[in-house]
Each structure stands twice: as C-alpha cells, then as structure tokens.
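# Build me a model:
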Amino acid sequence: MGTTPSALSSTSTATFNGTSQYAGDLQQAINQAVAVASIPLTQLQDNVSTLQSESSELTTLQNDFTGLQTAVQQLSSGTGNGALSATASDTNVASVSVDTSLASTPGTYSLNVISVGSPTTTLSNNGLPTVTDPNQTSISSSGTFTLTVGSNNYTITPSSDTLNALAQAINSGNYGVSASIVDIGSSSSPDYRLTLQSTTLGNETIQLNDGTQNLLSVLSSGSPAQYQVDGQPSTPISSDTSTVTLAPGVTADLLEAGQTTVTVAPDSSAAANALSAFATAYNSTLADLTTNHGTNGGALTGQSIVLQLQQSLSSLIQYTGGSGGVNLADLGLTFNSQGQLTFDQSTFDNTEATDPQGVSNFLGSATSGGFLENATNILNGLEDTNTGLFVQTQNSYQQQINSDNSQITDTQTRITTMQNNLTEQMAQADSTIASLESQVSYFTTLFTDTQDAIQNG
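Coordinates of the predicted model:
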C-alpha cells in the first residue's frame, strides 16, 4: 500500500525573520499564499487517505470470499469418492484409517490377526565394566564399535567414552535399531546396561563389538506379525511392521490377536462439517458487505464493486441445479428471518441417507457440473491472482494512490519553491522598509533636537 508524503516541513523552506514594523504583515502574506497553494495538496492527501481506506475494506471483503472459497474446496473434498471413513468392529484388535487420496471405493474386510509380532531385544553382557553413572563411564573403553544388524555392519564412533554417548551415536544413524539405557541394579548399587531393540518385527541379528569382544546378548528373539484378510491366504501373511495395508489407501495397526471387521464407507461428517463452515463463511461475507451501505456505511459505500460482490454472492447461493431433485434446502441450508444462512445437520443426514445419488448429482464436483463447479467458477473469477476482480481492483487502487502521491510530491516541491522565493522577496522588502524606518527615525530625532536647540538658544 502506498503512503502519503508528509506535509510541508519547516526545515525545507527559508525562514523569514523581519525587523520592520510591517514584518508581521509580510509574514501573513507569505502564509496566505502558501495556504492557497496548499488547497490542491490537501485535496490530494485526503483522496489518498480515502483510497487507502477503500483498499483496506476491500481486503476485508477479499478475506471473506477466500473463506467461502476454502469452504467450497472442503465441501468438494468431503463429498463423492473422496469422502470415505474406515472403522473396525473391535478396536482392541486393530485401529484402521483411510487415505482418501488413495482409496477409491467402499468395502468390508474381515481381518484375522494371528500375531502382532515382536521386535528382537538385546542387552549388554554380564562381566563387562559396571556402569554406575552413564554420563561418566561406559561398558567398553574402545573409541570405535561395529554394530551388526541383520547382514549389515556399521561403524559407531561415540563422541566420548560414556554409555550415554554410545547410545546417542547408535540412535543418530538409521541402523534399524533403537538404543536405550536401563538400570538393572539396586538403588544403592546401580548397574546401567545398554539395550538395543530392532525397529522392525521379527527375529533379527543384533550385535555390538568393541574390536575384541561381542558386548550384547539376546534377551528376546522377535517374530513377525501374522494376519489374514478375508481368510486369505491360507498361509498367513507375515509382516515386519504392525501397520499393514488391507486395500489401496486402507491401513490397519495390529494391536492384539483376534478378529475384527473393517468397514470402509462414505463419510457424511466431512460434508456436514464443510456445509456448516460454508454457512458461517457466507454469513460473515454478507455481514461485511452489508456494512458498506447507507449514510453511515463503510469505506466502500456507493462503490460499484459492492454491488458486483453482492451479485456474485447471490449467484452462489441461488443455484438450483434444475427442476426437481435435491436443492440447498435439502442439504440443510436455509435462511432465517435475519437473512442469515443456517445449517441443519439432521436434514442433511436424512437426505444423504435417503437419496445419496441426488446429493451427489446436485453437488457435482469442482470441474464436472453441479453446485461445486458453479461456486468454484464464481469464486475463481473473484479470487484469481492474475485476472480476478479483487486483484484488478486492488491494482487500480494502488495505481491511483501512486499517481496521487507523485502529484503530492510535485505540489509540495512547487509550494516550497514558491515559499522560498516569497520569503526572499519579503526579506528584501522588509530590509528596505526597515532602512527607511531607520532614516525616518534619524531625521525625526534630528529635527526634534534642532527645534529644541532653537527654542532654548
């Protein structure tokens, strides 16, 4: 947003310091000339202030319509095949989720969790140096270790000769294990040990060697998770992770052995939330548009863009989708006595349950007809960052503000030049007047003194 140049600065103009008895009149003449010349400057400054207020109010309205656009986008993603949810009949056996960007169709799956599996866990050996403070000592004085995980060997170099530093060095790499420190001693005789656990399920080889000896013993050998989907395959599926894929976009976290039914179905809650958000955004937009009407209206009162935006808002909400079938009222969107849009979820749920195809046909999508395409096209016409009504109007405001500010700068320069010239001229005139006044005073005094001499002679 452009700024308005400041008013005339006293430091940029000459100073008039008159000494004659007419100095005040001369200064008043300068002030009057400057005041008359500043009338266009004040008008330009007032115009810039008005333009800035209008631009700020337009930004408020643009934010309102952006909120509407977001609600429409949420409604688009919350309907059709994109609106799916996954549930498990027994949440103790598994928790399930669905990625709507990958899942394409509803479905029901029988999940039989035979085993949730376990990781392999190891502990540092007995007979190694006892660590009573993991910040001070370690299980080996070696500065370099070899970590074996499965068939892979990794070189580990701790930053210091302490057990904490050794565990941190192991955890700093992507080695397929996590390291921690446990105390298996008593409160009076601590015995801190290093324990490593595989990050995947299954019986994994894990060993740490300090160059002279192996330092770890297996506490428990891991096993893979095993499960079946719809009784298949006859030999259970083995997995090295507890998170498994049941179908495109449908995953389950295996929690315990047992059977559960996983249901992937259309999720009306996302659409309901989006419709409620749309009503809220609509009401906010309408309220801000309404403030720009009447004798005490906002900064855009009387501007044509307010009418254009109202027409767009009306076109958005008056979409019918043709005769018969589902309409906005059937989706639970109706107007109250104050003209605000309200959402009744029970109405929407009933329509969705009795006529899901009608709801789908009415809403359509952002690119293939229906309410969503109509709303998307209207809002894109307003919000497009290159050709939208908002950006074009804001650009127009900024161009006018820049033009006015340029004129303000030029006008200030002309006024300053005029003031400096007048000050110089008035200073010369004042000097001449002061000189004449001095001569008058001299001759008056001389005449008086002469008369007194004659009378007293």
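
# Distance of L166 relative to S124?
L166 is 10 Å from S124, where distance means C-beta to C-beta, to the nearest Å. From N, CA and C alone the C-beta is placed, and that goes for glycine too.

# Identify the contacts common to those two.
139, 194 (C-beta atoms under 8 Å, 6 or more residues apart in numbering).

# For the stretch 151-300 of the chain, which segments count as helices?
163-171, 268-290 (DSSP state H, counting those that start in this stretch).

# scratch that, the stretch 1-150 of the chain
23-37, 39-77.

# Using neighbour counts, pick out the buried residues of the last one.
By that I understand helix 39-77. 41, 44-45, 47-48, 51-52, 54-55, 57-58, 60-62, 64-69, 71-77 (16 or more other C-beta atoms under 10 Å).

# just the shortest one next, same as before
For helix 23-37, a neighbour-count test (16+ other C-beta under 10 Å) marks 23, 26-27, 30, 33-34, 37 as buried.

# And that helix, what does it pack against?
helix 389-456 (3 or more C-beta pairs under 8 Å, 6 or more residues apart in numbering; DSSP states H and E).

# Okay, angle between the helix it packs on and helix 23-37 too, please.
Computed by axes from the mean of the first three to the mean of the last three C-alpha atoms, to 10 degrees, the angle separating helix 389-456 from helix 23-37 equals 160 degrees.

# tell me the angle helix 389-456 makes with helix 39-77.
Here the directions of helix 389-456 and helix 39-77 differ by 160 degrees (the same axes, to 10 degrees).

# chain center to helix 389-456, what's the gap?
55 Å (C-alpha atoms, centre = their mean, to the nearest Å).

# Tell me which of the helices of the stretch 151-300 of the chain lies nearest to T241.
Closest of those to T241 is helix 163-171, at 19.2 Å (criterion: C-beta to C-beta).

# what packs against the closest one?
The helices and strands touching helix 163-171, judged by 3+ C-beta pairs under 8 Å, 6+ apart, are strand 152-156, strand 177-183, strand 192-198.

# Let's have those in a markdown table, adding mean neighbour count, distance to S268 and mean pLDDT.
Below are the helices and strands packed on helix 163-171 laid out as a markdown table (neighbours: other C-beta atoms under 10 Å; distance: least, C-beta to C-beta, whole Å; pLDDT from 0 to 100):
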| stretch | mean neighbour count | distance to S268 | mean pLDDT |
| --- | --- | --- | --- |
| strand 152-156 | 14 | 49 | 97 |
| strand 177-183 | 16 | 41 | 97 |
| strand 192-198 | 23 | 42 | 98 |
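
# Minimum distance to Q303: which of those strands has it?
strand 177-183 (63.5 Å).

# Return the angle between stretch directions for that closest one and strand 152-156.
Taking the same axes, to 10 degrees, one finds that strand 177-183 is oriented at 50 degrees with respect to strand 152-156.

# quick one, strand 177-183 and strand 192-198 angle?
150 degrees.

# Relative to strand 177-183, what are the paired strands and their orientations?
For strand 177-183, the paired strands and their directions (DSSP bridges) are strand 192-198 (antiparallel).

# And for the partner strand, what's in contact with it?
With C-beta under 8 Å, 6+ apart as the criterion, strand 192-198 contacts 119-124, 131-134, 139, 149, 163, 166-167, 170, 176-185, 204, 206, 208, 215-216, 219, 222.

# With stretch 62-74 instead?
Outside stretch 62-74, the residues that reach it (C-beta under 8 Å, 6+ apart) are 270, 273-274, 277-278, 280-282, 284-285, 288-289, 309, 316, 366, 372, 375-376, 379-380, 382-383, 390, 394.

# CA-only coordinates of it, as CSV, when you get a sec.
This file holds the C-alpha atoms of stretch 62-74, laid out as CSV (Å, rounded to 0.1, in the frame of the first residue of the first chain):
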residue,chain,number,x,y,z
GLN,A,62,-11.5,-10.5,-0.1
ASN,A,63,-10.6,-12.4,3.1
ASP,A,64,-14.4,-13.2,3.5
PHE,A,65,-14.6,-14.6,0.0
THR,A,66,-11.4,-16.5,0.5
GLY,A,67,-13.1,-18.1,3.5
LEU,A,68,-16.0,-19.1,1.2
GLN,A,69,-13.6,-20.5,-1.4
THR,A,70,-12.0,-22.6,1.3
ALA,A,71,-15.3,-23.9,2.5
VAL,A,72,-16.3,-24.9,-1.1
GLN,A,73,-12.9,-26.7,-1.5
GLN,A,74,-13.5,-28.5,1.7
